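J.: return a 3D structure for these sequence lines:
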Amino acid sequence: MKLREAVPDDAEQMLEHVHALAAERNVDVPLEPGEFNVTLAEERRILREYAEAENSAFFTAWDGTRLLGMLNLKPSDLPAGRHRAMLGMSVHESARGGGVGRALLEHAVAWAHTSELLTRIELDVYARNAPAIHLYDSLGFEREARRRAPIWEGDAPIDTFLMGLCFADKAPVPYALEPLDVSAPPPVDAAGHAVVVRDARPEDAPAAMELWRTVRADARLLVPTAGMACVERTEAFRRRFLQTLASENSHALVAEAAGRLVGTISARGHDRRQMCHEGMVAIGVADGWRGRGVGRQLLEALEERARAGGILRRLMLFVYAENTPAIGLYERCGYDVEGRVRHAWFQRGRYHDELMMARLLD
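T.: Numbering: from 1, shown residues only. Model prediction:
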């Protein structure tokens, strides 16, 4: 067996490997036939991007010219999370139990430990997959969260573990943010203004983007994008906004007051069948309107829409472990803490943990 980094010429065999994985009936991967639609050209581009990035890698295991397995380390695209990478691994059915997975994992951990930027690796594993969990345990990964029913197989809910490996002997590399290019709108006295929450409409896209631009620029907030200049293209934001509105398992709402948009919330569902019931919640409230019940109105309205839609069964979010006001709000709205992600973000010269929280809808 030979281990090496993947190159664009491997793309065809790697795609065949994933399609074979999707066709298996008894494998712990939430992927079904027809759900993986990456083209050969796209796969080659992806492999080039992995090779060029400082904090990502794509490793493969070979028996001569036969692909046995592969492992990728995909980092966060935010400066505050460039020290962490999500690990994904798969081994061909014919090669399981022969040490391929351990070899790939040991190789990836060693590479990450010697890399300049990475100080954390994380992965998601089915809670029932005892052999895989034992392997991860043996290399120092710790169970940080138990996600309740993020996957459904037919009528059966499946729990998963989020596991993390932190390199305590490595210090994160500081980074500098681009100069801020956003000015907050003039403050408004929120007292006496009624807040109306409604479904978002396509014409709300520009105002929603401006709100997110000001939220990102607010360095006081405990969010991964705090203090970031908004380099996002207007058309890209509008396209995603419209995709959310058009999706059967996604919802977007806005809060209006004093003649302008003062809050937004969305729950974006996954496009894979076994995961389409989970919506990732993102919420933003404008400065001057926080602490006045806008967030609770948005969360309650979102739950109402999700129940009426009939697809989303699980609403999940992440929140900084030190953000006690937000955690209290989420708990009052029925969200439970499922675990604590260590060293999730690096800001203001130190690490910040975050909590994984979820609301299960009956």
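J.: tell me the contacts of the closest residue to Val285 other than its chain neighbours?
T.: Leaving aside its chain neighbours, Val285 sits nearest to Gly263 (4.4 Å; criterion: C-beta to C-beta, 6 or more residues apart in numbering). For glycine as for every other residue, the C-beta is placed from the backbone atoms N, C-alpha and C. Taking C-beta atoms under 8 Å, 6 or more residues apart in numbering, we find Gly263 in contact with 195, 197, 211, 254-255, 283-286, 289, 294-295, 297-298.
J.: and the helix or strand containing Gly263, average pLDDT?
T.: Assessed by DSSP states H and E, Gly263 sits inside strand 260-269. Average pLDDT, strand 260-269: 96.
J.: give the buried residues for that strand.
T.: Buried residues in strand 260-269, counting neighbours by 16 or more other C-beta atoms under 10 Å, are found at 261-269.
J.: that one pairs with which strands?
T.: As defined by DSSP bridges, the strand partners of strand 260-269 come to strand 251-257 (antiparallel), strand 278-285 (antiparallel).
J.: do you know which of these lies nearest Ala207?
T.: Closest to Ala207 of the strands paired with strand 260-269 is strand 251-257 (C-beta to C-beta; 7.8 Å).
J.: buried residues, the closest one. List them.
T.: Neighbour counts over strand 251-257 (16+ other C-beta under 10 Å) mark 251-257 as buried.
J.: let's see that strand as PDB, backbone CA atoms only.
T.: The C-alpha trace of strand 251-257 is given here as PDB (Å, rounded to 0.1, in the frame of the first residue of the first chain):
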ATOM      1  CA  HIS A 251     -37.000  29.200   5.400                       C
ATOM      2  CA  ALA A 252     -36.000  32.800   5.700                       C
ATOM      3  CA  LEU A 253     -37.700  35.600   7.600                       C
ATOM      4  CA  VAL A 254     -37.100  39.200   8.400                       C
ATOM      5  CA  ALA A 255     -38.000  41.600  11.100                       C
ATOM      6  CA  GLU A 256     -39.100  45.200  10.200                       C
ATOM      7  CA  ALA A 257     -39.400  48.200  12.500                       C
END
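J.: relative to strand 260-269, how tilted is the strand or helix carrying Arg238?
T.: Taking DSSP H and E as the definition, Arg238 sits inside helix 234-246. In terms of direction (axes from the mean of the first three to the mean of the last three C-alpha atoms, to 10 degrees), helix 234-246 departs from strand 260-269 by 60 degrees.
J.: hmm, who's touching helix 234-246?
T.: For helix 234-246, the surrounding residues in contact (C-beta under 8 Å, 6+ apart) are 200-202, 204-206, 208-209, 212, 250-252, 266, 268.
J.: and which of the residues you listed is nearest Tyr136?
T.: So of these, ranked by how close each gets to Tyr136 (C-beta to C-beta), first place is Arg268, at 28.0 Å.
J.: and for that closest one, nearest residue in space, chain neighbours not counted?
T.: Among residues not flanking Arg268 along the chain, Ser250 sits closest, at 4.8 Å (C-beta to C-beta, 6+ apart).
J.: and if you look at Lys2?
T.: Distance criterion C-beta to C-beta, 6+ apart; nearest residue to Lys2, sequence neighbours excluded, is Trp62 at 4.9 Å.
J.: just checking, what packs against the helix or strand where that neighbour lies?
T.: Trp62 is located in strand 57-63, with elements delineated by DSSP H and E. When contacts are defined as 3 or more C-beta pairs under 8 Å, 6 or more residues apart in numbering; DSSP states H and E, strand 57-63 sits against strand 2-5, helix 40-52, strand 66-75, helix 100-114.
J.: and if we set it to 10 Å?
T.: Judged by 3 or more C-beta pairs under 10 Å, 6 or more residues apart in numbering; DSSP states H and E, the packing partners of strand 57-63 are strand 2-5, helix 11-23, helix 40-52, strand 66-75, strand 84-91, helix 100-114.
J.: paired strands for that strand, with orientation please.
T.: According to DSSP bridges, the neighbouring strands of strand 57-63, each with its direction, are strand 2-5 (antiparallel), strand 66-75 (antiparallel).
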